[in-house]
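>>> Let me see the structure of the following:
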Amino acid sequence: MFGSRGQLIGLDIGTHAVKAVVLEERGEGYALKRFGSRPLEPEVIVDRAIMDPQKIAQTISELFSEIGVRGKHVAVSVAGLSIIVKNIHIPEMTEEELEVSIQWEAEQYIPFDISDVNLDFQILGPSDRGSGQMEVLLVAVKRDKLQEYTSLVTEAGLKPAIVDVDAFAIANCFEHNHVVNPDQLVALIDIGAGATNLNVMDGTKLAFTRDMMIGGNQYTLAIQKELGIGFEEAEALKRGQDTAGVGHDEVVPILEKVSEEIFSEILRSLEFFKATTQNDAAIDKVVLTGGCSRLPGLQDFLSDRLGLEVERLDPLRAIENELSREEQEQVSAVAIGLGLRKVGDR
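Here you go, the predicted structure:
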């Protein structure tokens, strides 16, 4: 029913497009069996909020039909300001004891009414802040956000077996495709159409995550405003194409201005990480992903501003596939991270 050993279909519902992947275990690795991407109309999702669920559900159904996916059980993920992910330090206790006390513990860290959220946690091990303490990864999602996505998936005729968080899906993809140095702090930066997500990985542990409501759409809007042109023309110019009688060189100053804004948000988030986690270690490198990470010159721009090595995350580096280079560029880290999930995963 679910595919190879309970493998779930990874469904990435982004601001700009919906993407689906089906993975199959091959020996000790995976192969890509199905992949597809279908664009969403502008304003269907705004600031991570679903504005037209019927249109998105229809797009998902059409995508599954187009690429021949017969399964129904999917892993999806949520992100945005309705989700809180936080590493907390509490007195040592068993998982069963924490199950009982998690709501009381969470109330100290969650800026929402505790009755309005779904909670989950994972014990990470002994805390570095003193004996008798342990570190716990706490996740809280507002129930209305969870309901929004599960209802959407159900309306598309599918069954949401797992609802994950974008940050975890990206980290899952990174760990599967890259050699992880346990002594390094790596900043994973996912720059999508509507938002940018920053994850700081301490080895394989997610040490910090933050969503910033700025992304690739800001480039498009800035070009439209400055040049007085339409959305499609602005999108083409953003990608490095000449159009509407305007050369790409003419939009470089506009792009750089938005890149400065994104850099400033990233820098503020990294400073917030250091201030709130009491971690004095420096970030060793930055790994970029997301559709906007392919923007010409952005990788070098961020490397220069941050003074760090910046590389691109390849979601398919360790996954067998027969996609063309153009098709590979469409595959998202979120979709692969979700596609690696199995039935029964926590």
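
>>> name the helices or strands packed onto the longest helix along the chain?
For the chain, the helix with the greatest residue count under DSSP state H is helix 248-277. Under the contact criterion of 3 or more CB pairs under 8 Å, 6 or more residues apart in numbering; DSSP states H and E, helix 248-277 touches strand 185-191, strand 196-202, strand 205-212, helix 216-227, helix 231-238, helix 298-306. No exception for glycine: its C-beta is placed from N, CA and C like everyone else's.

>>> Going along the chain from that helix, find the next helix or strand for me.
strand 285-289 (DSSP states H and E).

>>> starting at the chain centroid, how far to that next one?
Chain-centre distance of strand 285-289: 13 Å, with CA atoms, centre = their mean, to the nearest Å.

>>> Show me what counts as buried in the longest helix of the chain.
248, 251, 254-255, 258-259, 262-263, 265-266, 269-270, 273 (16 or more other CB atoms under 10 Å).

>>> Include mean neighbour count when you put the helices and strands packed on helix 248-277 into a markdown table, please.
Shown next, in a markdown table, are those (neighbours: other CB atoms under 10 Å):
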| stretch | mean neighbour count |
| --- | --- |
| strand 185-191 | 24 |
| strand 196-202 | 22 |
| strand 205-212 | 20 |
| helix 216-227 | 19 |
| helix 231-238 | 19 |
| helix 298-306 | 16 |
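
>>> For Ser65, which of those is the nearest?
helix 231-238 (26.0 Å; CB to CB).

>>> Identify the residues contacting the closest one?
Residues from elsewhere that reach helix 231-238, judged by CB atoms under 8 Å, 6 or more residues apart in numbering: 42, 216, 219-221, 223-224, 227, 229, 243-244, 246, 248, 251, 255, 295.

>>> what is the mean pLDDT for it?
The average pLDDT for helix 231-238 rounds to 88.

>>> what's the angle from it to helix 248-277?
If you take axes from the mean of the first three to the mean of the last three CA atoms, to 10 degrees, helix 231-238 sits at 80 degrees to helix 248-277.

>>> Got the domain ranges for the protein?
Listed domain ranges for the chain are 1-81+143-178+314-346, 83-142, 180-312 (source: automatic domain parsing).

>>> Flag the shaky bits of the stretch 1-150 of the chain, pLDDT-wise.
Within the stretch 1-150 of the chain, the segments meeting pLDDT under 70 span 1-5.

>>> show me the residues around Leu298 that make contact.
Counting by CB under 8 Å, 6+ apart, Leu298 has contacts 191, 259, 288, 292.

>>> Of the residues you listed, which pair is most distant in space?
Checking those with CB to CB, the most distant pair is Ser259 and Leu288, at 12.2 Å.

>>> Name the residues contacting each of these two.
Common neighbours of Ser259 and Leu288 (CB under 8 Å, 6+ apart) are 298, 302.

>>> correct me, but Glu155 touches Asp52?
No - in this structure, Glu155 is not within contact of Asp52 by CB atoms under 8 Å, at 11.5 Å.

>>> Of the contacts of helix 231-238, which pair is most distant in space?
Pro42 and His248 (22.0 Å).

>>> quick one: the helices in the stretch 1-150 of the chain?
All helices of the stretch 1-150 of the chain, identified by DSSP state H, counting those that start in this stretch, fall at 53-67, 95-107, 143-155.

>>> Just the CA atoms of the longest one, as CSV, please.
Backbone C-alpha positions of helix 53-67 (Å, rounded to 0.1, in the frame of the first residue of the first chain) are rendered in CSV as follows:
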residue,chain,number,x,y,z
PRO,A,53,-7.3,25.4,-0.8
GLN,A,54,-9.5,24.1,-3.7
LYS,A,55,-7.1,25.4,-6.3
ILE,A,56,-4.1,23.8,-4.6
ALA,A,57,-5.9,20.5,-4.0
GLN,A,58,-6.8,20.4,-7.7
THR,A,59,-3.2,21.1,-8.7
ILE,A,60,-2.0,18.3,-6.4
SER,A,61,-4.5,15.9,-8.0
GLU,A,62,-3.4,16.9,-11.5
LEU,A,63,0.2,16.4,-10.6
PHE,A,64,-0.3,12.9,-9.2
SER,A,65,-2.2,11.9,-12.3
GLU,A,66,0.4,13.4,-14.6
ILE,A,67,3.3,11.5,-13.1
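
>>> and the angle for that helix with helix 143-155?
40 degrees.

>>> Can you work out which other helices and strands pack against helix 53-67?
strand 9-13, strand 17-26, strand 29-39, helix 143-155.

>>> distance of the residue of the chain positioned farthest from its centre from Ile229?
The C-alpha centroid of the chain is most remote from Gly245, which lies 35.5 Å away (CA atoms, centre = their mean). From Gly245 across to Ile229, the span is 9 Å (CB to CB, to the nearest Å).
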